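Peer 1: I would like the atomic coordinates for the input below:
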Amino acid sequence: MVANVNGGAFTGIVENTLENGYPVVASGNYYTGTASTGDNTLSTDTSETTNRQSLDYLFNADSGAYKESHLNVGGLFQLNDNGYYEYDSQKNFASYDENSNSFVLYNASA
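Peer 2: Numbers count the residues shown, from 1 in each chain. So this is what the prediction gives:
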């Protein structure tokens, strides 16, 4: 079971090694967590464990069930001091602007 009681990003969702150039969902994980907002409690508890599955379908331009494609989107990644592009949700909150087809970054964590 992977519990995320302190917020932030989950780890271990995907395997450490790419398969055919794409990430793969790690099998056997069980996620649980709740968040309260006013009178509503949201739960991520599905009572199911994950199956190993390639995420290659997320990287093609086709839209489909549970997926919408946006091509040539900009603004999310920043060049770090080592010459790599990165996005760090602990440093920047990001929102997608449909009109400009780009992300807007804010100087606050997600």
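
Peer 1: how close does the nearest residue to K91 once chain neighbours are set aside sit to Q53?
Peer 2: Once flanking residues are discounted, K91 sits nearest to S109: 6.7 Å by Cβ to Cβ, 6 or more residues apart in numbering. Any C-beta I mention is one placed from the backbone N, CA and C, and that applies to glycine too. To Q53, S109 is 29 Å away according to Cβ to Cβ, to the nearest Å.

Peer 1: now do G12
Peer 2: 15 Å.

Peer 1: same check on G83?
Peer 2: From G83 across to Q53, the span is 32 Å (Cβ to Cβ).

Peer 1: for those two, indicate the residue with more neighbours.
Peer 2: Set side by side, G83 and Q53 show more neighbours around Q53, with 13 against 6, by other Cβ atoms under 10 Å.

Peer 1: partner residues bridging the more buried one?
Peer 2: Applying DSSP bridges to Q53 yields these beta-bridge partners: V25.

Peer 1: surely it and A26 touch.
Peer 2: No: between Q53 and A26 there is no contact under Cβ atoms under 8 Å: 9.5 Å.

Peer 1: now do the strands in the chain.
Peer 2: Applying DSSP state E to the chain gives strands spanning 2-3, 24-25, 31-32, 34-37, 40-43, 53-54, 78-79, 85-86, 93-97, 102-106.

Peer 1: nearest residue to Y106 in space, please, no chain neighbours.
Peer 2: Closest to Y106 by Cβ to Cβ, 6+ apart is F93, at 4.4 Å.

Peer 1: done for today, thanks.
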